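S.K.: Fold the following and give me the result.
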Amino acid sequence: MATQEQYRELARQLSATAAIQRDLGRALPADCPPASAIVLMVLNRHGEMRMSKLAELLSIDMSVTSRHAAHVAERGWIDRQPDPQDKRSRLLRINARGRSLLDEVADRYTEVLAHYLSDWSDADLGQLNTLLARLRGSFGDCRARPSPFAAPPPRAPAADLAAAPAPTTAVPAPDPGPVPVPGPDPAPAVEPDPGPPPSADDDITRTPAKR
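M.R.: Numbering: from 1, shown residues only. Have a look, this model is predicted:
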């Protein structure tokens, strides 16, 4: 069984990979930030969908999703068509230009990885891919359940609590609702901030060719 020190070292190594993600992000075209690439990737994987579905898969709110969708639409990478079942909604669909851009992104990522990992053997790369996939699988779909390790909300200062009027009636405890049930991961986990690039697990990178 792993020791606490091994878990601490793993946490340090995972934190250090942020620099790798930044390097990969710099390889993206100037007008395609990581968040835009992720939007295209999700549409390419799951096909035509409404904005609400895209927001659900990205785990971000509708206003942020709308901005990302507008960015890729303005550049001609997706098509927006009226939804025949709901005229108030539009269907989003990646087009040929968007798929071509994803191919370009994959080629750029592959070039970066091949440069830095040129001295790795095929066996080393295969083992890394296997372990990373296993790591992600161990966490499951993090969006489908609250984290048991989430920090509690900050407590109000004592002065504010003292100034607050006492309730005149007992306040019932809020209903926690049904416990979310984890399911299969429908899409890559996505951060709303266009910082880290999409992960290799999301099928937009290819294994670098052995030099």
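S.K.: Share the number of residues neighbouring Gln81, please.
M.R.: Neighbour count for Gln81, taken as other CB atoms under 10 Å: 10. Any C-beta I mention is one placed from the backbone N, CA and C, and that applies to glycine too.
S.K.: All the strands of the protein, in order from the start?
M.R.: 49-50, 78-83, 86-94 (DSSP state E).
S.K.: Export these as JSON lines, with columns for distance to Arg26 and mean pLDDT.
M.R.: JSON lines is the format used below for the strands of the chain (distance: least, CB to CB, whole Å; pLDDT from 0 to 100):
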{"stretch": "strand 49-50", "distance to Arg26": "30", "mean pLDDT": "96"}
{"stretch": "strand 78-83", "distance to Arg26": "24", "mean pLDDT": "93"}
{"stretch": "strand 86-94", "distance to Arg26": "24", "mean pLDDT": "89"}
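S.K.: May I ask you to name the longest helix in this protein?
M.R.: Scanning the chain for the helix with the most residues, using DSSP state H, yields helix 4-26.
S.K.: any weak-confidence spans in the chain?
M.R.: Filtered on pLDDT under 70, the chain yields the residue ranges 141-153, 155-211.
S.K.: rerun at 50
M.R.: In the predicted model, the chain carries pLDDT under 50 at residues 167-211.
S.K.: Pull out the buried positions in stretch 13-26.
M.R.: For stretch 13-26, the neighbour count (16 or more other CB atoms under 10 Å) marks 24-25 as buried.
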